[in-house]
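In: below is the sequence, then the predicted model.
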Amino acid sequence: MSTAPVIDVDALNVSYGDFHAVKDLSFQVERGELYALLGTNGAGKTSTLEVVEGHRAASSGTVRVFGESPSDRGAVRPRTGIMLQESGFSPDLTVAETVRLIGRLSGRTDSAERVLGIVDLAGKAETRVAQLSGGEKRRLDFATAVYGRPELIFLDEPTTGLDIQSRDALWDAVEELRADGSTIVLTTHYLEEAQQRADRIGLMHHGVFRHEGTVSELTRTLPAAIQFSLPAGSPTPPMHPGPVGDGAYQIETFDLQADLKQLLDWAHAHGVELHGLSAAPTRLDDVFRAIDAEPALA
Ligand SMILES: Nc1ncnc2c1ncn2[C@@H]1O[C@H](COP(=O)(O)OP(=O)(O)OP(=O)(O)O)[C@@H](O)[C@H]1O
């Protein structure tokens, strides 16, 4: 089996007139990975994905999907499922007709009943799209993306507007596809989903990656926090904690386990009880907030 990446983006630039939306972006997505392309509003995620999906020409740079140009739709489209943020379904078609039509256009084969079963829309097969709720339309969109079990699936904000049961069902279906070897590219503003699901994350801001790596590589870029309060008259604690209000202190650390141990050893040795002790690892949200606070790179 080939070890070439499924997606290979090299020095991609996308400009709209004078506005440079994507700047020399390079990344690869390996077979079987779930790669999350995340970023602030206007970071350039959609512009990037439109090129990778073959919907937009690059201003410069090279993009390969399965080793082919994404504009070679005959080669790429049958192997690729796309769930867009806004579906363009015809309101007059039924749910089953929509799945069959999009399935036929994709060049993949499957059964409408199977994919509608995955998203719990089998009972709505003969309902017109115009009569679906917002969440049901999102589920139909997902069904068309996974029709034929494509090798590569783009999920653009897949769970927006879905209730918790539908979200769980969607992620179960994604995990099943991954077990079959499908590669997933996810964009979402629900960072906890990316934190939980992504093998790697590309975090964009103003057209460039501010970070790329696994969740733990990204969260290691910021310190974790240990917080506690001390009873009156306690000796000075180690590691120079800073006050954070209400008599509480905070230690910022890149080595949570070692520093927590040092603090607990100190408390034990001095017979001090640490009140409200908490040790919080860095979350993806924190990394996001930190990059959003930075100025744009030139
Ligand atoms: N057709 C266009 N013409 C001019 N500017 C555009 C066009 N499409 C996008 N842009 C600009 O390019 C930048 C990147 O937009 P893009 O849609 O790629 O960002 P995004 O990361 O997907 O954002 P969001 O999270 O808000 O969806 C934005 O500043 C946007 O205003």
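Out: Happy to help now that I have it. Residues are numbered from 1 along each chain as shown.
In: strands along the stretch 151-298 of the chain, start to end?
Out: Using DSSP state E, counting those that start in this stretch, the strands of the stretch 151-298 of the chain run over residues 152-156, 183-187, 200-205, 208-213, 224-229, 242-243, 248-253, 275-280.
In: tabulate these in a markdown table, adding columns for mean pLDDT and distance to Ala125.
Out: No exception for glycine: its C-beta is placed from N, CA and C like everyone else's. Putting these into a markdown table (pLDDT from 0 to 100; distance: least, CB to CB, whole Å) gives the following:
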| stretch | mean pLDDT | distance to Ala125 |
| --- | --- | --- |
| strand 152-156 | 96 | 22 |
| strand 183-187 | 97 | 26 |
| strand 200-205 | 96 | 37 |
| strand 208-213 | 95 | 42 |
| strand 224-229 | 94 | 50 |
| strand 242-243 | 88 | 60 |
| strand 248-253 | 93 | 55 |
| strand 275-280 | 92 | 47 |
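In: can I get those in JSON lines with mean neighbour count?
Out: Shown next, in JSON lines, are the strands of the stretch 151-298 of the chain (neighbours: other CB atoms under 10 Å):
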{"stretch": "strand 152-156", "mean neighbour count": "22"}
{"stretch": "strand 183-187", "mean neighbour count": "23"}
{"stretch": "strand 200-205", "mean neighbour count": "23"}
{"stretch": "strand 208-213", "mean neighbour count": "18"}
{"stretch": "strand 224-229", "mean neighbour count": "19"}
{"stretch": "strand 242-243", "mean neighbour count": "9"}
{"stretch": "strand 248-253", "mean neighbour count": "18"}
{"stretch": "strand 275-280", "mean neighbour count": "12"}
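In: what's the closest of those to the ligand?
Out: strand 200-205 (6.3 Å; CB to the nearest ligand atom).
In: around the ligand, which positions in the chain sit nearby?
Out: Within the chain, the positions lying close to the ligand (CB under 6 Å from any ligand atom) are Tyr16, Phe19, Ala21, Gly39, Asn41, Gly42, Ala43, Gly44, Lys45, Thr46, Ser47.
In: in JSON lines, list the strands of the stretch 151-298 of the chain along with distance to Glu113.
Out: Below are the strands of the stretch 151-298 of the chain laid out as JSON lines (distance: least, CB to CB, whole Å):
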{"stretch": "strand 152-156", "distance to Glu113": "20"}
{"stretch": "strand 183-187", "distance to Glu113": "24"}
{"stretch": "strand 200-205", "distance to Glu113": "35"}
{"stretch": "strand 208-213", "distance to Glu113": "40"}
{"stretch": "strand 224-229", "distance to Glu113": "49"}
{"stretch": "strand 242-243", "distance to Glu113": "61"}
{"stretch": "strand 248-253", "distance to Glu113": "54"}
{"stretch": "strand 275-280", "distance to Glu113": "47"}
